[in-house]
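Peer 1: model the following, please.
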Amino acid sequence: MTAAPLRIGNASGFYGDRFDAVREMLTDGPLDILTGDYLAELTMLILGRSRLKDPARGYATTFLQQLEEGLGLAHERGVKIVANAGGLNPAALAGAVAELARKVGVPVRVAHVEGDSLPVPDGFLTANAYLGGHGIAACLRAGADVVITGRVTDAALVTGPAAAHFGWGPDDHDALAGAVVAGHVLECGTQATGGNYSFFRGHDIRRPGFPLAEIHADGSSVITKHDGTGGFVDVGTVTAQLLYETGGARYAGPDVTARLDTVSLTQDGPDRVRISGVRGEAPPPTLKAGLTRLGGWRNEVVFVLTGLDIEAKAQLVQDQFAQALTRSRTGPPDEVRWELARTDRADADTEETAGALLRLVVRDQDPEAVGRSVSGAAIELALGSYPGFHVTAPPGKGAPYGVFEARYVPAEDVAHVAVGPDGRRERVATPVRTKALEEVDEPALPEPLAAGLTQHAPLGRIAGARSGDKGGDANIGIWVSTDDAWRWLAHELTVERLQELLPETAELTVVRHVLPNLRALNFVVHGLLGEGVAAQARFDPQAKAVGEWLRSRHLPIPVTLLETTDAPEAHA
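Peer 2: As a prediction, this is how the structure comes out:
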């Protein structure tokens, strides 16, 4: 008899996501497991600073607030909850959940996973290894109704429940890899149901429902959502999320290395996409560890330049600021960056559309060098600078910024522990079989599309994109929906072509990965984000819109593709 699929839903893609999602996912349709992803690189820094103020904290407090209603709803419906909201203090959050359960009179058994916390090197705020899903599985096998974790991989929230339900062992690599892929699709919530999607036009995504996966015993799955909820699920939305924040064909994790070049996606009905064919390999012998520290202090001032002589006005304020900072007690900050965004239009019919934005960002180890020295200089220019002088917000005193660093530690050096509902501690064994991570051989490219007439048009007319951050690097995944478009894209969008289209990447190392099954290319741009999102070194610090910038760039596209593209609602 074939085991019924396990229905795993997601109710959070980040700390601060839609508060009502827990209630909605529990009441809008059937589920077996409800997960929540609350952690990101920036979140660990935020929680680290929270823990400095109160050692009893360091976890996502909104999750506890969501459970004031969610615990009872989950208990009534027989849904188990698994979330990484424990952050830096999973034991404290587990205790708070148990206390909440007693307070509201809901008989739930709470377990947690620990061991991700590593010794914090001097100068750092947090240090945590990315654990896999087997600790979660052990908690569920011990009878837990709620499992709280700290830093686990996002996909572990799915692999753990699936392994517990289907009895997968550490060597069931293909099944685990299939669950990893499903988990990666679910982890960012509504990004799988039309949110942040290139081809959003023609769809109602004003309030997209959160996604769920129907996991099967062999690791295959169907990505869908509750009936009647907003948004949509199709091969494109799933492809976009698969490419998000990934690199090459080997997607490594602590449980398994999933081969993204083996993923097959098929439309399985309205709002249903089947994921099959995923192959897995033994995981690497090391675990990724994320470290955060305070990198220094930063400040920002945005000047509004209106009407005529925009370039001259920008030069004037830069010259004045340089003189003021030189005269200040601390001298100029270590880093001074100016960026002029020409948002102005000629002969504009509103004042706002006549304006350009000149952005000043300063960074230094000394808070005074970016604080009073900078804000005072900006204020003092108010009556003696360019005509129409004003700024978007009053200058502040500066704020600390963070830095994220990734390191790798031997898996056997990390004590992965499942703490059951009764307090019993179970040490989770590290995988016996491991395999060092290597790049796959470059796959053969399809035959080039026959030469023909071309038209200068935006790449987004035929291609979708999704981009994101991994530390200081950015990834740009781009895909097309037809074989002919793939024959063109695979040969046209080389690293050199990408660097021509995106000049900010021209001096950086860019690596291209080819994923023929998805008709997709994934570019990793090393160093685009400096020291990472917490450092806010760039206008778009998480590279969220780099893919849309690429789609907006014009290049010669075969007319046959522009005439026949079936990219949904693709517009110039």
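Peer 1: any idea of the mean pLDDT for the longest strand anywhere in the chain?
Peer 2: The longest strand of the chain (DSSP state E) is strand 286-306. The average pLDDT within strand 286-306 is 95.
Peer 1: what residues sit buried inside stretch 32-51?
Peer 2: By 16 or more other Cβ atoms under 10 Å, the buried positions in stretch 32-51 come out as 32-48, 50-51. Just so you know, the C-beta spots here come from the backbone N, C-alpha and C atoms, and that holds for glycine as well.
Peer 1: gap between the two ends of it?
Peer 2: 33 Å (Cα to Cα, to the nearest Å).
Peer 1: now that stretch, how far from the chain's geometric center?
Peer 2: Taking Cα atoms, centre = their mean, to the nearest Å, one finds the center of stretch 32-51 at 12 Å from the center of the full chain.
Peer 1: let's verify residue 239: helix, strand, or coil?
Peer 2: Three-state call for residue 239 (DSSP: H, G, I helix; E, B strand; the rest coil): helix.
Peer 1: ok, it - contacts?
Peer 2: When contacts are counted by Cβ atoms under 8 Å, 6 or more residues apart in numbering, residue 239 touches 265, 464, 479, 518, 520.
Peer 1: quick check: phi and psi on the third one?
Peer 2: This points to residue 479. Phi and psi for residue 479, reported as degrees, to the nearest 10, are phi -140, psi 160.
Peer 1: with the first one instead?
Peer 2: Per-residue torsions, residue 265: phi -120, psi 130 (degrees, to the nearest 10).
Peer 1: tally up the residues packed near it, please.
Peer 2: Using other Cβ atoms under 10 Å, residue 265 is surrounded by 21 other residues.
Peer 1: for it, which non-adjacent residue is spatially closest?
Peer 2: Using Cβ to Cβ, 6 or more residues apart in numbering and skipping the chain neighbours, the partner closest in space to residue 265 is residue 235 (4.9 Å).
Peer 1: in helices only, show me the buried residues of stretch 32-51.
Peer 2: 41-48, 50-51 (DSSP state H).
Peer 1: pLDDT and distance to residue 193 for those - can I get that in a markdown table?
Peer 2: Listed next are those as a markdown table, based on pLDDT from 0 to 100; distance: Cβ to Cβ, whole Å:
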| residue | pLDDT | distance to residue 193 |
| --- | --- | --- |
| 41 | 83 | 24 |
| 42 | 82 | 23 |
| 43 | 92 | 22 |
| 44 | 92 | 26 |
| 45 | 90 | 29 |
| 46 | 91 | 26 |
| 47 | 94 | 27 |
| 48 | 93 | 32 |
| 50 | 90 | 31 |
| 51 | 92 | 34 |
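Peer 1: between those residues, which is closest to residue 116?
Peer 2: Within these, the smallest distance to residue 116 is 10.5 Å, found for residue 44 (Cβ to Cβ).
Peer 1: can you give me every residue that contacts that closest one?
Peer 2: Shown in contact with residue 44 (Cβ under 8 Å, 6+ apart): 87-88, 126, 128, 151, 290, 292, 404.
Peer 1: ok, now how distant is it from residue 181?
Peer 2: Here the distance between residue 44 and residue 181 works out to 25 Å (Cβ to Cβ, to the nearest Å).
Peer 1: same thing with residue 520?
Peer 2: 14 Å.
Peer 1: between these two, which has more neighbouring residues?
Peer 2: Neighbour count, other Cβ under 10 Å: between residue 520 and residue 181, residue 181 has more, with 31 against 27.
Peer 1: wait, a helix at that one?
Peer 2: Yes: membership of residue 181 in a helix is supported by three-state DSSP.
Peer 1: quick thing: my sequence starts at 132, can you match it?
Peer 2: Yes, from this point I'll number from 132; that puts the last item at residue 312.
Peer 1: any idea of the pLDDT on it?
Peer 2: With respect to pLDDT, residue 312 scores 98.
Peer 1: tell me the contacts of the nearest residue to it once chain neighbours are set aside?
Peer 2: Of all residues not flanking residue 312 in the chain, residue 409 sits nearest, at 5.2 Å (Cβ to Cβ, 6+ apart). Applying Cβ under 8 Å, 6+ apart to residue 409 gives the contacts 305, 308-309, 311-312, 350-351, 389-390, 393-394.
Peer 1: rerun at 10 Å
Peer 2: 304-313, 349-352, 382, 387, 389-395 (Cβ atoms under 10 Å, 6 or more residues apart in numbering).
Peer 1: again with residue 656
Peer 2: Applying Cβ under 10 Å, 6+ apart, one finds that residue 656 lies in contact with 598, 603-607, 626, 629-630, 633, 635-636, 639-642, 674, 677.
Peer 1: now the residues you listed: which count as buried?
Peer 2: The neighbour count (16+ other Cβ under 10 Å) marks 598, 603-607, 629-630, 633, 636, 641, 674, 677 as buried among the contacts of residue 656.
Peer 1: of all the residues you listed, the one with the weakest confidence?
Peer 2: residue 603 (89).
Peer 1: all helices of the stretch 582-703 of the chain, in order?
Peer 2: Secondary structure of the stretch 582-703 of the chain by DSSP state H, counting those that start in this stretch: the helices cover 614-623, 626-632, 677-683, 690-695.
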